[in-house]
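**Q** any chance you could fold what I've pasted below:
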Amino acid sequence: MSSFRRLSVLAITAAAATVISATGPAQADVQSLRGRGTVDVRLIGINDLHGNIEPPTGSSGRVIQPDGTTVDAGGAAFNATHIKNLQKEVKNSVIVGQGDLIGASPIVSALFHDEPTIEVLNKVGMDTTAAGNHEFDEGYRELLRIQHGGCHPTDGCQFSDKYKGANFPILGANVTLAKSGLPALPPFWVEIRDGMPIGFIGMPLKDVPILVDPNGIKDLKFGDEVKAANKYANILDAIGVKSIVLLVHQGDQVTSSGGGPNACNVAANNPGSYIATNVSPKIDAVFSGHSHQHYNCVVKDPAGNPRPFIEGLAFGRELSVVDLKIDRRTRDVIRSETKADNKIVTRTVTPDPQIQAIIDLAKTKAAPIANREIGTIAADIVRAQNPAGESALGNLIADSQLEQTKANGAVIAFMNPGGVRTDLTYASSPAGEGDGVVTFGEMAAVQPFGNILQTVTLTGTQIKTALEQQFTAARTIVLQPSSTFTYSWSASAPFGSRVSDMKISGVAVDPNASYRVTINSFLQGGGDAFPEFTNGTNITGGGIDLDAFEAYLKAHPNQAPPALNRITRVS
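**A** Here you go, the predicted structure:
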């Protein structure tokens, strides 16, 4: 922790020193020679890459265009070429990230603790990024290692002989050390382009504690995003940085998938929009992430001035490009001249050979594990949820977890939908022909977290309480049940009274009876805001979730998508 504490202080000190030096006589001479013109700077943002250095497959590798057609998109080698092409169009550019660049990654990156992805980002020239919630998946200390380098304490250096760390700062303006209140990550970073300082404030969403294993972040506190942004906007302004950009890992859901990458179909009162409209007027642009949606909006800051609010699709399918024009005299962004555009990362360009070499090395080293055949499926089994919130792939995973823990007395299993990361596709080969084979790599991409299965005792009342916690004014997260459990819910009923008709194997649940329920360690710790699960008693471990999924697929060849008949939405 001490090294990162020093880095936080150094980030502030270095930024201040750089800006102060830039305002001295030498810089004044430069300005007098150049006149009071403007400086053009292109910001190129990427969010929610999740280690998808290979082109993502299925719907995760496509973008819906404004006319409704789709285009294959993503892949780090293609991404790098698009970034270079965008840089060639301008004199000045900065490459930024909005978080979740690592974590919940495919096996080609996850097997090496995302070191291949960091090497790709280093090679691309990433300048700075916000931390997302998934940067904390393996805990704060692992994030420090990702930043500074060094071999993994358990697995060592598997991808290369020496891991050197990220060449770019990973920012967390709202992340502090619980005991001292000091910054746990650098809160901001300053880049100089053509004499003009540009400040970048970066941060994860404040809800990280309910999204990751609490044991890995017990030394940290996550504060309000707006308050943190305003604090450091004031500091940057005070030291002479007038052009300020917010990189925040929080975004919006959209009201419609139509309109393409540059529509502004965000729902009212979404958390990203709230941040974008309420942070300091000193902030000139807001890059967002986390929601895995794309939108390109113009919002008004508290002073009534326009600024862009933008997010690109996850998995490297889009780049969010914002062009700023900075006044040399004021050093501030001329808001009326700002232009924003989400660019699709098409696969029609020549892949960058240096990036491809990193990917090929990772694939070669991961291949013996990733290509191992696990089982077969009869058709695509997808994670998309129906109107009741039920998912075929979520159901399948819940069934596998129940099967694995029946020896612990389990009669129900619940899977959180956020832990189901991608589809199981029947046509999984690069050529697209149907084979039905599920490899370990494909299976691990679906469930990349390695959670421990835990069977707990809950009363019928506690099960209902947990299910009622699926529905709040802020969000709806519908858990995926095993085939033994059915229930109904009503969207029109009051919060706390939406769930009814709970049955286990066709028998009504007794509020006073005790039942053995399997959940993963993330849910058992209260993750996704399900605190009722922490009240479970008689906890019994059931192994790794991925092992349960593997055993189930092996035992059920030619697995068909489970029927969506476990959850009924009545209104």
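
**Q** quick check: which element contains the residue sitting nearest the centre point of the chain?
**A** By CA atoms, centre = their mean, the chain has its centre lying nearest to D100, at 3.7 Å. According to DSSP states H and E, D100 maps onto no helix or strand at all.

**Q** skip the chain neighbours and tell me the closest residue to it.
**A** Among residues not flanking D100 along the chain, G132 sits closest, at 3.5 Å (CB to CB, 6 or more residues apart in numbering). Any C-beta I mention is one placed from the backbone N, CA and C, and that applies to glycine too.

**Q** go on, G51?
**A** S105 (2.5 Å).

**Q** what's the neighbour count on the one you found?
**A** S105 is flanked by 28 other residues according to other CB atoms under 10 Å.

**Q** before we move on, what about Q524?
**A** Around Q524 there are 21 residues (other CB under 10 Å).

**Q** likewise A303?
**A** The number of residues near A303, taken as other CB under 10 Å, comes to 8.

**Q** ok, Y295 next?
**A** Counted with other CB under 10 Å, Y295 comes out at 28.

**Q** what about D547, which SS state?
**A** Secondary structure, DSSP: H, G, I helix; E, B strand; the rest coil: D547 is helix.

**Q** list the contacts of it.
**A** Neighbouring residues of D547 by CB atoms under 8 Å, 6 or more residues apart in numbering: Q404.

**Q** one more: the one 4 residues further on?
**A** Contacts were defined as CB under 8 Å, 6+ apart; by that measure A551 touches S400, E403, Q404.

**Q** for the residue nearest to the centre of the chain, give me its contacts.
**A** N47, D48, L49, H50, G132, N133, H134, E135, H249, G289, H290, A314.

**Q** which SS class is the nearest residue to T38 once chain neighbours are set aside?
**A** Distance criterion CB to CB, 6+ apart; nearest residue to T38, sequence neighbours excluded, is K325 at 5.0 Å. The local conformation at K325, judged by three-state DSSP, is strand.

**Q** ok, K325 to N92 distance?
**A** To N92, K325 is 11 Å away according to CB to CB, to the nearest Å.

**Q** any residues in contact with both of these two?
**A** Common neighbours of K325 and N92 (CB under 8 Å, 6+ apart) are V39, D40.

**Q** residue ranges in this structure under the pLDDT threshold?
**A** 1-35, 428-434 (pLDDT under 70).

**Q** of all the contacts of D100, which two lie farthest apart?
**A** E135 and A314 (14.7 Å; CB to CB).

**Q** so those two - more neighbours on which side?
**A** Using other CB under 10 Å as the criterion, E135 and A314 rank with E135 on top: 27 against 24.

**Q** that one contacts G99, doesn't it?
**A** Yes: here E135 reaches G99: they are 6.7 Å apart, a contact under CB atoms under 8 Å.

**Q** which neighbours do these two share?
**A** In contact with both E135 and G99: P204, using CB under 8 Å, 6+ apart.

**Q** which residues touch the residue lying closest to I544 once chain neighbours are set aside?
**A** Spatial nearest neighbour of I544, excluding adjacent residues (CB to CB, 6+ apart): G450 at 5.8 Å. Neighbouring residues of G450 by CB under 8 Å, 6+ apart: I544, D545, L546.

**Q** got those residues as TSV, with neighbour count columns?
**A** Shown next, in TSV, are the contacts of G450 (neighbours: other CB atoms under 10 Å):
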residue	neighbour count
I544	18
D545	24
L546	19
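
**Q** got TSV for these, with distance to I369 too?
**A** Formatted as TSV, the contacts of G450 follow (distance: CB to CB, whole Å):
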residue	distance to I369
I544	15
D545	17
L546	12
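
**Q** what is the nearest of these to G74?
**A** Using CB to CB, those come closest to G74 at L546, 23.9 Å.

**Q** I figured the closest one was touching E442, is that so?
**A** No: counting by CB under 8 Å, E442 is not a contact partner of L546; they are 11.7 Å apart.

**Q** can you say which helix or strand has W189 in it?
**A** Assigned by DSSP H and E, W189 falls in strand 188-193.

**Q** ok, then the element right after that strand?
**A** strand 196-204.

**Q** ok, and for that next one, which residues are buried?
**A** The neighbour-count check on strand 196-204 (16 or more other CB atoms under 10 Å) flags M196, P197, I198, G199, F200, I201, G202, M203, P204 as buried.

**Q** how close does the residue nearest to the centre of the chain sit to A367?
**A** Distance from D100 to A367, by CB to CB: 26 Å.

**Q** same check on N558?
**A** Counting by CB to CB, the gap from N558 to A367 is 25 Å.

**Q** more neighbours, the two?
**A** Using other CB under 10 Å, the more surrounded residue of N558 and A367 is A367, with 14 against 10.

**Q** A helix includes the more buried one, no?
**A** Yes: under three-state DSSP, A367 falls within a helix.

**Q** ok, it to E403 distance?
**A** 29 Å.
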